[in-house]
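In: need coordinates for the below:
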Amino acid sequence: MNLTLRHLRGFVAVAQMGSFSAAAQRLHLTQSALSMLVRGLEADLGVQLFERTTRQVKLTDAGRDFLPQAEQLLVDLHHAVAQTRSRAARASGRLVIAVTPTFAVTRLPSILAAYQREHPQVQLVLRDDATPARIQRLVQDGEVDLGIGPVNRAQAELLVVEVLMHDGLVLACPVGHALARDAAVPWRALAGHPLIGFASDNALQQLVNGTADALGLALPVHCEVSSIATAVALVEGGMGVSVLPSYIRSVGGPQRLQLRPLVEPAVQRELCLLSLRDRAMPPAAQAFAQMLRRQVARQDGGVAQGP
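Out: This next block holds a predicted model:
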């Protein structure tokens, strides 16, 4: 059966108007096109729906039986569409984002400000204390609309992963530290310096440990912290040095630390936008994702940016 919405609308319009010409005008169709729709419907149903004469169009018994059902189908469809649009409108009023603390205090504020100027009606909810692993779980569980952070691709089969930028690693040193004398610091130069780092399951620390292992370098963590903000504060206080993402540069205000690119090798990590693969993105989230892409491209010139 090839019955379509156009068939139903055509039949109901003719039945209600009692005229093919009037129904065609109402539907913005030619009379011949409308006649073809009705004939196609009759062929699919295997019954004649109208008695056609040169003077009038009348419903047959089969047509009278079918009319209320066709009208109800159109009403039900209208309600379904209206409810779906209503849900979308309600969804557009709230946006929940999970993001790493560092990105939340560096790059995100200017992006959110631009977004709010264009979408002042949207309520923003930030989960801004999440680790990369927790961000993935929040997105996968449907607790947030979007996630922003590094990603473990081996555990991201349920996610759509879009790389926003490649972020180079830098060494954070207290002002005047010996390692800050050069424009860039080789990884091997870190040996013997107190390192402020993170737990072994932290994505950034795993990248540091993997680089050190590849170089045959021992870089034990002298002081373990759970947030980059704490690492920055301890470096500023002279407790040691720390390997951090390069976008820490955009933290505002005076700082008592110096940042130097780490080289030999230069190591980068991906910063990604995460969404749930089998879930339609709400309108507010779609608008934010577009804004995020534009702002990152404007600030960094696109993907693959390092220190």
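In: quick one: contacts for residue 278?
Out: residue 158 (C-beta atoms under 8 Å, 6 or more residues apart in numbering). Quick note: C-beta positions are derived from backbone N, CA and C, even for glycine.
In: ok so it is a helix residue?
Out: No: checked against DSSP: H, G, I helix; E, B strand; the rest coil, residue 278 lies outside a helix; its state is coil.
In: from residue 10, how far out is residue 221?
Out: Separation of residue 221 from residue 10 (C-beta to C-beta, to the nearest Å) stands at 73 Å.
In: nope, residue 232 is what I was after
Out: Taking C-beta to C-beta, one finds residue 232 at 68 Å from residue 10.
In: these two: who's more crowded?
Out: Legend: neighbour count by other C-beta atoms under 10 Å for residue 232 and residue 10, higher for residue 10 (25 against 22).
In: my read is that the more buried one contacts residue 38, right?
Out: Yes: between residue 10 and residue 38 there is a contact at 5.7 Å, judged by C-beta atoms under 8 Å.
In: mind listing the strands for the stretch 51-200 of the chain?
Out: 57-59, 94-99, 123-127, 146-149, 159-174, 185-186, 195-198 (DSSP state E, counting those that start in this stretch).
In: by contact count, what packs against the second one?
Out: Under the contact criterion of 3 or more C-beta pairs under 8 Å, 6 or more residues apart in numbering; DSSP states H and E, strand 94-99 touches strand 123-127, helix 132-140, strand 146-149, helix 283-300.
In: counting neighbours, what do you get for the nearest residue to residue 258 once chain neighbours are set aside?
Out: Residue nearest to residue 258 in three dimensions, not counting chain neighbours: residue 180, with 4.1 Å by C-beta to C-beta, 6 or more residues apart in numbering. The number of residues packed near residue 180 is 18, by other C-beta under 10 Å.
In: try residue 276
Out: 18.
In: the one 5 residues further on now?
Out: Counted with other C-beta under 10 Å, the burial measure for residue 281 works out to 16 neighbours.
In: any idea how far residue 146 is from it?
Out: Taking C-beta to C-beta, one finds residue 281 at 8 Å from residue 146.
In: any shared contact partners between those two?
Out: 275, 289.
In: how is the protein divided into domains?
Out: 5-89, 94-164+271-300, 166-268 (automatic domain parsing).
In: columns mean pLDDT on top of these, output as a markdown table?
Out: Below are the domains of the chain laid out as a markdown table (pLDDT from 0 to 100):
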| stretch | mean pLDDT |
| --- | --- |
| domain 5-89 | 86 |
| domain 94-164+271-300 | 89 |
| domain 166-268 | 90 |
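In: returning to that earlier point: got a markdown table for the strands of the stretch 51-200 of the chain, with distance to residue 290 and mean neighbour count too?
Out: Compiled in a markdown table, the strands of the stretch 51-200 of the chain are given as follows (distance: least, C-beta to C-beta, whole Å; neighbours: other C-beta atoms under 10 Å):
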| stretch | distance to residue 290 | mean neighbour count |
| --- | --- | --- |
| strand 57-59 | 50 | 17 |
| strand 94-99 | 13 | 22 |
| strand 123-127 | 16 | 13 |
| strand 146-149 | 12 | 26 |
| strand 159-174 | 12 | 20 |
| strand 185-186 | 38 | 18 |
| strand 195-198 | 32 | 22 |
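In: residue 247: which of the ones you listed is closest?
Out: strand 159-174 (5.8 Å; C-beta to C-beta).
In: for the closest one, C-alpha coordinates in CSV please.
Out: The C-alpha atoms that make up strand 159-174 are tabulated as CSV, following Å, rounded to 0.1, in the frame of the first residue of the first chain:
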residue,chain,number,x,y,z
LEU,A,159,29.5,8.7,21.7
VAL,A,160,29.9,11.0,18.8
VAL,A,161,33.4,12.4,19.2
GLU,A,162,34.3,15.6,17.4
VAL,A,163,37.8,17.0,17.8
LEU,A,164,37.7,20.7,18.5
MET,A,165,41.4,21.4,18.9
HIS,A,166,44.7,19.8,19.5
ASP,A,167,46.2,21.2,22.7
GLY,A,168,50.0,21.1,23.3
LEU,A,169,51.4,20.3,26.8
VAL,A,170,53.4,23.0,28.6
LEU,A,171,55.6,23.1,31.7
ALA,A,172,54.4,25.5,34.4
CYS,A,173,57.3,26.8,36.6
PRO,A,174,57.5,29.4,39.4
